[in-house]
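Colleague: give me a model of this one.
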Amino acid sequence: MTLLPAEEDAWRKPALFLLALLLAVSCFTLGILPFRHRSIIPGRLICGFLALALLLLLPRLRERLARTPAAYALAAYALVCLLSTLANGLDPLLAGTGLAWLCVFLAFWCLGTCLGEGGRLPFLILGASALIMLLSILLLGRDGLGLINMSAFQSGGGDRLVGFFGSKANRLAPLLAAAAFFFLGAGLLRPRGWRSLWFLGGFLGLGLFLLNTAARAWMGIFFGVTAVYLALRRIPPGRILAGGLAVFLLLTALHLAGAKQVRLYFQPDQALSSLLSRLPIWEAALAQFREHKWLGAGPESYPDAYARFYDARLAGLSPREQSLAPARTDHAHNILLSPLGETGLLGCLSLNAAILLAIFAGLRGGPLSRDAAFFLICLWLASMVNPALSREPGTVMAAALGLAASRPSPDRARANTVHGV
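Modeller: Residues are numbered from 1 along each chain as shown. Okay, the predicted model is just below:
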């Protein structure tokens with residue numbers, strides 16, 4: 001199993017050690033997302049240091065990164081975050097918002113380039129963690145294993161209570177979608193005898209996803225992108241239609257059984273109310289942009305704008321929720337408007353350019369890159385009406401960016417083994 005070309009023999013052992021450590025830290029960083037939010041910050045930073053060390057050791061890896069346009073766009077976004085922080089006189093630590101995205105991107109770019117299909121392991125760990133957390137909540141009560149205080153996520157609004165659980169839907173939706181999507185991709189790659197295990201994990205994640213996300217946009221987008229993905233992976237159309245029929249029957253059965261969240265999906269007025277509640281949130285981001293057009297008001301500054309510009313009456317909230325509204329959302333629920341208000345036109349263009357460049361690169365890559373690109377399409381479209389820059393979905397998106405833009409050796413990418421750099 002060759003990791004490095006012959007001329008880099010001297011660096012093989014330290015590079016292998018760094019790669020193994022990077023894989024372990026990356027698995028931890030994604031796997032801890034559903035449980036302990038504070039642990040994500042050091043995890044992302046350590047990922048960045050390890051990826052940088054690996055790049056310093058391997059000239060050929062640096063050459064490949066230099067031919068990755070998405071890396072330049074994301075580096076530009078990190079620079080804009082720094083400039084925006086300085087221009088607005090904010091806490092210098094806030095400049096780490098863009099740096100965190102870049103750290104996770106570099107880590108997963110290195111994993112995808114060096115490990116090929118093995119780079120999906122952290123996403124499988126993420127999916128397993130999300131499933132474990134939600135199953136523990138279901139079986140052991142609202143607080144699950146005591147690792148997270150789910151009662152803190154209750155808001156009193158009917159559309160915010162998620163199925164039989166109390167999870168924060170907008171942030172768990174990317175985790176559950178990642179669980180279903182990457183487990184499904186793993187099932188398509190594995191020998192037939194193991195496929196049932198991977199598909200079981202994917203369908204279990206999908207079932208919990210249906211019950212636990214209040215983000216209705218995820219529904220149609222996830223199933224539409226998944227259907228196209230399966231068709232391009234040459235899954236027989238009959239199987240795709242049968243899967244769609246099974247999902248429809250599942251939703252119908254849950255609806256007839258009185259599952260609260262599923263009933264909301266079948267109520268157009270609830271969906272319209274949810275969409276209308278986004279309008280004042282988006283207005284606050286546009287107000288930020290009008291005040292700071294080029295560099296924005298600063299990373300993570302949206303809560304201040306929300307408190308100043310948001311008119312709770314527009315969302316038809318109760319008096320109790322009006323008092324909670326200014327502190328209840330951290331981002332503008334839109335992948336275009338959120339960076340536009342916080343980091344201005346330059347930040348919005350650089351971030352979305354990185355996403356689109358990674359998608360285009362992934363669609364031309366191997367199985368892992370294509371899987372990541374399709375999931376990134378799903379995440380980007382759903383982020384038009386959902387939080388994209390908050391800690392959990394932001395980390396997932398940066399990781400998918402890295403995998404989609406990764407550049408494994410063509411011969412090794414076909415072999416589904418650890419390959420040369």
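
Colleague: residue boundaries of the helices in the stretch 151-300 of the chain?
Modeller: Secondary structure of the stretch 151-300 of the chain, counting by DSSP state H, counting those that start in this stretch: helices at 169-189, 192-212, 217-232, 237-256, 260-265, 268-276, 278-291.

Colleague: by mean pLDDT, show me the worst of those helices.
Modeller: Ranked by mean pLDDT, these bottom out at helix 260-265, with a mean of 54.

Colleague: next, count neighbours for Trp101.
Modeller: Neighbour count of Trp101, defined by other C-beta atoms under 10 Å: 27. No exception for glycine: its C-beta is placed from N, CA and C like everyone else's.

Colleague: quick check: closest non-adjacent residue to Trp109.
Modeller: Nearest non-adjacent residue to Trp109, counting by C-beta to C-beta, 6 or more residues apart in numbering: Gly402, 3.9 Å away.

Colleague: show me the contacts for Trp395.
Modeller: For the record, residue 395 is Thr, not Trp. 29-30, 33, 40, 44, 100, 104 (C-beta atoms under 8 Å, 6 or more residues apart in numbering).

Colleague: which element is it on?
Modeller: helix 391-405 (DSSP states H and E).

Colleague: and that helix with helix 169-189, angle?
Modeller: Interaxial angle, helix 391-405 versus helix 169-189 (axes from the mean of the first three to the mean of the last three C-alpha atoms, to 10 degrees): 30 degrees.

Colleague: show me what the strand or helix carrying Leu22 is packed against.
Modeller: Using DSSP H and E, Leu22 maps to helix 12-31. Applying 3 or more C-beta pairs under 8 Å, 6 or more residues apart in numbering; DSSP states H and E, one finds that helix 12-31 contacts helix 40-57, helix 96-115, helix 121-140, helix 391-405.

Colleague: dump the ones you listed to TSV, plus distance to Phe248 and mean pLDDT.
Modeller: Output for the helices and strands packed on helix 12-31, formatted as TSV (distance: least, C-beta to C-beta, whole Å; pLDDT from 0 to 100):
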stretch	distance to Phe248	mean pLDDT
helix 40-57	36	93
helix 96-115	34	94
helix 121-140	22	75
helix 391-405	27	92
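
Colleague: looking at the chain, which helix is longest?
Modeller: helix 337-363 (DSSP state H).

Colleague: list the contacts of Ile235.
Modeller: Leu188.

Colleague: try Phe181
Modeller: Phe181 sits in contact with 202, 226, 229, 371, 374-375, 378, where contact means C-beta under 8 Å, 6+ apart.

Colleague: sorry, back to before: tell me the angle the helix holding Leu22 makes with helix 169-189.
Modeller: 130 degrees.

Colleague: and the angle for helix 12-31 with helix 40-57?
Modeller: Using the same axes, to 10 degrees, helix 12-31 lies at 160 degrees relative to helix 40-57.

Colleague: state the mean pLDDT of helix 12-31.
Modeller: On average, helix 12-31 scores 92.

Colleague: next, count neighbours for Ala307.
Modeller: A count of nearby residues for Ala307, using other C-beta under 10 Å, gives 12.

Colleague: any idea how far it is from Gln288?
Modeller: Ala307 sits 12 Å away from Gln288, taking C-beta to C-beta, to the nearest Å as the criterion.

Colleague: cool, Leu30 as well?
Modeller: 30 Å.

Colleague: please apply the same query to Arg234.
Modeller: With C-beta to C-beta as the criterion, Arg234 and Gln288 are 46 Å apart.

Colleague: and these two? Which one has more around it.
Modeller: Higher neighbour count among Arg234 and Gln288: Gln288, with 28 against 7, using other C-beta under 10 Å.

Colleague: correct me, but the more buried one touches Pro299?
Modeller: No - contact criterion C-beta atoms under 8 Å: Gln288 and Pro299 do not qualify, at 11.8 Å.

Colleague: quick check: neighbours shared by these two?
Modeller: In contact with both Gln288 and Pro299: Glu342, using C-beta under 8 Å, 6+ apart.

Colleague: burial count for Leu279?
Modeller: 11.

Colleague: same question for the one 5 residues further on.
Modeller: Neighbour count of Ala284, defined by other C-beta under 10 Å: 23.

Colleague: that older thread, ok, and the most crowded of the contacts of Phe181?
Modeller: Among these, Phe375 has more neighbours than the rest - 31 neighbours, counting by other C-beta under 10 Å.

Colleague: contacting residues for that residue?
Modeller: Counting by C-beta under 8 Å, 6+ apart, Phe375 has contacts 177-178, 181-182, 225, 400.

Colleague: buried stuff in stretch 57-76?
Modeller: For stretch 57-76, the neighbour count (16 or more other C-beta atoms under 10 Å) marks 57-58, 61, 64-65, 68, 70-71, 73-76 as buried.

Colleague: quick check: Tyr302 touching Leu337?
Modeller: No - counting by C-beta under 8 Å, Tyr302 stays clear of Leu337, with 9.5 Å between them.

Colleague: which residues do the two both contact?
Modeller: Joint contacts of Tyr302 and Leu337 (C-beta under 8 Å, 6+ apart) are Ala285.

Colleague: more neighbours: the two, which one.
Modeller: Neighbours per residue (other C-beta under 10 Å) separate Tyr302 from Leu337, with Tyr302 holding more: 27 against 24.

Colleague: separation between the more buried one and Ser390?
Modeller: With C-beta to C-beta as the criterion, Tyr302 and Ser390 are 10 Å apart.

Colleague: joint contacts of these two?
Modeller: In contact with both Tyr302 and Ser390: 330-331, using C-beta under 8 Å, 6+ apart.

Colleague: send the alpha carbons of stretch 283-297 over as PDB?
Modeller: What follows is stretch 283-297, C-alpha atoms only, in PDB (Å, rounded to 0.1, in the frame of the first residue of the first chain):
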ATOM      1  CA  GLU A 283     -34.800  42.000   5.900                       C
ATOM      2  CA  ALA A 284     -32.400  42.300   8.800                       C
ATOM      3  CA  ALA A 285     -29.600  40.800   6.800                       C
ATOM      4  CA  LEU A 286     -30.300  43.300   3.900                       C
ATOM      5  CA  ALA A 287     -30.300  46.100   6.400                       C
ATOM      6  CA  GLN A 288     -26.900  45.000   7.500                       C
ATOM      7  CA  PHE A 289     -25.700  44.900   3.900                       C
ATOM      8  CA  ARG A 290     -27.000  48.400   3.100                       C
ATOM      9  CA  GLU A 291     -24.900  49.800   6.000                       C
ATOM     10  CA  HIS A 292     -21.800  47.800   5.200                       C
ATOM     11  CA  LYS A 293     -21.800  46.900   1.500                       C
ATOM     12  CA  TRP A 294     -18.300  45.600   0.800                       C
ATOM     13  CA  LEU A 295     -17.100  43.900   4.000                       C
ATOM     14  CA  GLY A 296     -20.300  43.600   5.900                       C
ATOM     15  CA  ALA A 297     -21.000  44.200   9.600                       C
END
